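1. Sequence and predicted structure, then a few things I'm wondering about:
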Amino acid sequence: MSTTAATAVKSSKAVVRSVRTLRILLALFFALASALPKLLALPAATSVFDAIGWGHWFMYLTGLVELAGAIGLLVRRLAGPAATALIVFLAFAFLTQLTAMHGENAGTPFLFMVPLAVIAWNHRADTAELLGLRH
């Protein structure tokens, strides 16, 4: 194997490990720090959803969507679609924070969109195969 090929293989393995680590960290965040407070109806979560005004059913639905996204991030084949779905979810969270929360913490979803976009990009071949776009 040439030096260039060996470097490419090492670089590729490093990218795979980095993206896997990113998937795990984001899955932990979405499951534990974001979904769990909603699913347990902790006061910090209920007060936010009271301000939105859609009722607690929406809080539970939001928690379930986040938990499903977290699980999807942990399954290699589903990581790309899960990351893409979470990006869309966060775009709606941004709009909700702008309108119902008067812009408070509106930039936070974008902090998570960037690493999710890295995951989606790195798993684009799996996503295409899953959608039947590649054989």
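-> Happy to help now that I have it. Numbering: from 1, shown residues only.
2. Quick check on residue 83: phi, psi?
-> phi -60, psi -40 (degrees, to the nearest 10).
3. make that residue 53, sorry
-> The phi and psi values for residue 53, taken as degrees, to the nearest 10, are phi 90, psi 20.
4. list the contacts for it?
-> residue 100 (Cβ atoms under 8 Å, 6 or more residues apart in numbering). Where C-beta positions appear, they are placed from N, C-alpha and C, glycine not excepted.
5. which element is the spatially most central residue of the chain on?
-> For the chain, the residue sitting closest to the mean C-alpha position, by Cα atoms, centre = their mean, is residue 86 at 4.2 Å. Assigned by DSSP states H and E, residue 86 falls within helix 79-99.
6. what separates that helix from the chain centre, distance-wise?
-> 8 Å (Cα atoms, centre = their mean, to the nearest Å).
7. related to what we said a few turns ago, would you mind listing the residues in contact with the residue nearest to the centre of the chain?
-> Residue 86 touches 26, 30, 66, 69, 73, 112, 116, counting by Cβ under 8 Å, 6+ apart.
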